[in-house]
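[1] return a 3D structure for these sequence lines:
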Amino acid sequence: MATVEMNQLRSRLDESGSRTALVRGAAPPPRPPETVTVEPGVAASVGPDGRRAPLYVTAEAPSSRTVRQYDGPDVSAVADCAADLTADRDPRAVWLCGRDQIRSWWGDGVVDLLERRLAATACRASARLVVWASEDDGTGGDSEAVEDRYDVVLDP
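    Got it, this is the predicted structure:
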């Protein structure tokens, strides 16, 4: 997503006063400033113990970048790391990227856990939660679940 499009998106969110947003059909920009991001890796592996797919927690700040990788079954550790980095870095936004990818690799329960925990983390930090998903994420355009979960749904 180009800088101009990102600025337009940020402006739309600021105008709406939204604290939680679902952005469908757009890829998040790489390395957004002042953001804590949770996102899946680009590939999963299949072994005797089942599928393993990494989740990354990244915190961007003007002076540094922190990246943590989680491959284990304890997804709560991912949310805990995001909460710690959010408290430490005081970001403008907390992002959950690749919602559809996480759901397909890890399941609905993991996506729900991450969204709930990241929403609480963002709220404590007075930051915005932005969830990025493809158009076919299964969240539905006007479904009750979407209205309950997000303040606004954007299809850039």
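
[2] mind checking the SS state of residue 88?
    Using DSSP: H, G, I helix; E, B strand; the rest coil, the structure places residue 88 in helix.

[3] what's the pLDDT at the closest residue to it other than its chain neighbours?
    Closest residue to residue 88 apart from its sequence neighbours, by CB to CB, 6 or more residues apart in numbering: residue 59 at 7.4 Å. The way it works is simple: take the backbone N, C-alpha and C, and place the C-beta from them, glycine included. Residue 59 is assigned 93 on the pLDDT scale.

[4] before we move on, what about residue 135?
    So residue 135 comes in at 69 (pLDDT).

[5] ok, the residue nearest to residue 99 when sequence neighbours are not counted - contacts?
    Spatially, and ignoring its direct neighbours in sequence, residue 99 is nearest to residue 133 (4.0 Å; CB to CB, 6+ apart). For residue 133, the contact set (CB atoms under 8 Å, 6 or more residues apart in numbering) comprises 22, 23, 24, 98, 99, 100, 139.

[6] rewinding a little: what helices or strands is the helix or strand that contains the residue nearest to residue 88 leaning on?
    Taking DSSP states H and E as the criterion, residue 59 maps to strand 55-60. If you count contacts as 3 or more CB pairs under 8 Å, 6 or more residues apart in numbering; DSSP states H and E, strand 55-60 packs onto strand 35-40, strand 65-70, helix 76-89.

[7] which of those comes out lowest on mean pLDDT?
    Minimum mean pLDDT among the helices and strands packed on strand 55-60: strand 65-70, a mean of 89.

[8] in that strand, what's buried?
    Buried positions in strand 65-70, judged by neighbour count with 16 or more other CB atoms under 10 Å: 68, 70.
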